[in-house]
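Engineer: Output the structure for:
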Amino acid sequence: MRKLYAFNMVTLDAFFEGPNQDISWHNVDDEFNEFAIDQLKSTDTLVFGRVTYQMMASYWPTSDAIKNDPMVAGYMNRTPKIVVSRTLRNTDWNNTRLVKDYVAEEIAQLKQQPGKDIAVFGSANLLSTLIPLGLVDEHRIMINPVILGKGTPLFKNSKDKLDFKLVKTHTFGNGNVLLYYQPAKMS
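Structural biologist: Model prediction:
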């Protein structure tokens, strides 16, 4: 069975985005880009909620993204993508399929197919649906050494206590710390 992982960058005060969806605080450098490329090499499907999809689709296919970050842009643009939304009518980013209904069933079926890992980037609202259903196998949370004071918490819609087991860590030279967690029931 394929693994579905969620990757998110957060601040020290646990926000995954600042006010007005600000992510300018992301601490990205060459070491991070090498990590991102390696992570994308082990991934063959990307899953997004509508808001994250629209942010990604507005950047990665652009000439600026292709010029400034050609390897990541290449992976992002050619990797098959699923966007989960009840309000979008269509998608215009290549290799993207729209899922409106039966999201849990769609993701569960996707995990049963042969292939590499499945990634959910950002998409806190979508994760709030997938996590309680046990569909997320691993959380990769990169803590950036910054405090915003306000923003959107990653797990804002969590209603129940969930236990996780730390399975791996990686410290980056720029101060970012990547934590790999699995739901405790998987250990």
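
Engineer: all contacts plus neighbour counts: C-alpha atoms, from now on.
Structural biologist: Noted.

Engineer: Tell me what the residue nearest to the spatial centre of the chain is bridged to.
Structural biologist: Most central in the chain under C-alpha atoms, centre = their mean is Phe121, positioned 1.3 Å from the mean C-alpha point. Beta-bridge pairing for Phe121 (DSSP bridges): Phe7.

Engineer: Distance check, it against Leu135.
Structural biologist: Relative to Leu135, Phe121 is positioned 15 Å away (C-alpha to C-alpha, to the nearest Å).

Engineer: if we can go back for a sec, I'd guessed the residue nearest to the centre of the chain sits against Val51; true?
Structural biologist: No - with contact defined as C-alpha atoms under 8 Å, Phe121 does not reach Val51; the gap is 11.0 Å.

Engineer: can you map out the strands along the protein?
Structural biologist: For the chain, strands defined by DSSP state E occupy the ranges 4-11, 15-17, 43-49, 81-84, 96-99, 117-121, 138-144, 152-153, 164-171, 177-183.

Engineer: Make TSV out of those strands and add mean pLDDT.
Structural biologist: Listed next are those as TSV, based on pLDDT from 0 to 100:
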stretch	mean pLDDT
strand 4-11	97
strand 15-17	93
strand 43-49	96
strand 81-84	97
strand 96-99	96
strand 117-121	97
strand 138-144	97
strand 152-153	91
strand 164-171	97
strand 177-183	97
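
Engineer: would you list these in a markdown table and tack on distance to Lys67?
Structural biologist: Shown next, in a markdown table, are these (distance: least, C-alpha to C-alpha, whole Å):
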| stretch | distance to Lys67 |
| --- | --- |
| strand 4-11 | 23 |
| strand 15-17 | 25 |
| strand 43-49 | 22 |
| strand 81-84 | 22 |
| strand 96-99 | 22 |
| strand 117-121 | 22 |
| strand 138-144 | 25 |
| strand 152-153 | 30 |
| strand 164-171 | 28 |
| strand 177-183 | 27 |
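
Engineer: on that earlier part again, give the full set of residues in contact with the residue nearest to the centre of the chain.
Structural biologist: With contacts defined as C-alpha atoms under 8 Å, 6 or more residues apart in numbering, the neighbours of Phe121 are 6-8, 46-48, 52.

Engineer: just those residues now: which is nearest Ser63?
Structural biologist: Ranked by distance to Ser63 (C-alpha to C-alpha), those are led by Thr52 at 19.5 Å.

Engineer: burial of the closest one, as a residue count?
Structural biologist: 20 (other C-alpha atoms under 10 Å).

Engineer: per-residue pLDDT, the closest residue to it other than its chain neighbours?
Structural biologist: Closest residue in space to Thr52, ignoring its immediate chain neighbours: Ser123 at 5.6 Å, by C-alpha to C-alpha, 6 or more residues apart in numbering. On pLDDT, Ser123 comes in at 90.
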